[in-house]
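# Sequence first, then the predicted structure, then my questions.
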Amino acid sequence: MPQKCSEAALSLLECMEKSSCVKKDGKSVHECLKDPIESHECKAQRNAYYTCKHSQLNMRTRIRGVRVY
């Protein structure tokens, strides 16, 4: 995993592990991430991770660098 998105990925993983989908329902993190209704608790972390991954593909941000939020 690239270093630039590792913090966002770790914060998303920690949030999903603490979510009610994983704790109460006993589902895996991967299953909870597939269902957007189940992962509503971690919407900010999911959006930050998506933005980071998207900026790696966007040529404009590849030249300027990844934004730090």
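Cool, got the structure.

# in the helix or strand where residue 52 lies, what's buried?
Residue 52 is part of helix 43-57 when elements are defined by DSSP states H and E. Residues 45, 46, 48, 49, 51, 52, 55 are the ones in helix 43-57 that count as buried (16 or more other C-beta atoms under 10 Å). (Glycine included, C-beta is placed from N, CA and C.)

# Was I right to think the third one contacts residue 15?
Going back to what we said before, that points to residue 48. No. Using C-beta atoms under 8 Å, residue 48 makes no contact with residue 15, being 10.3 Å away.

# returning to what we had before: run the chain-centre distance for the helix holding residue 52.
6 Å (C-alpha atoms, centre = their mean, to the nearest Å).

# Please apply the same query to stretch 19-35.
Counting by C-alpha atoms, centre = their mean, stretch 19-35 comes out at 14 Å from the chain centroid.

# Could I get the CA-only coordinates of it as CSV?
Extracted in CSV, the C-alpha atoms of stretch 19-35 (Å, rounded to 0.1, in the frame of the first residue of the first chain):
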residue,chain,number,x,y,z
SER,A,19,-18.7,-0.1,14.3
SER,A,20,-21.9,-1.9,15.3
CYS,A,21,-21.9,-3.9,12.1
VAL,A,22,-18.8,-5.7,13.1
LYS,A,23,-19.4,-5.9,16.8
LYS,A,24,-23.1,-6.7,17.1
ASP,A,25,-23.8,-8.5,13.8
GLY,A,26,-20.5,-10.4,13.7
LYS,A,27,-19.8,-9.6,10.1
SER,A,28,-16.3,-9.1,8.7
VAL,A,29,-15.0,-5.6,7.9
HIS,A,30,-15.1,-6.4,4.2
GLU,A,31,-18.7,-7.4,4.3
CYS,A,32,-19.7,-4.2,6.2
LEU,A,33,-17.8,-2.0,3.7
LYS,A,34,-19.7,-3.5,0.8
ASP,A,35,-23.0,-2.4,2.2
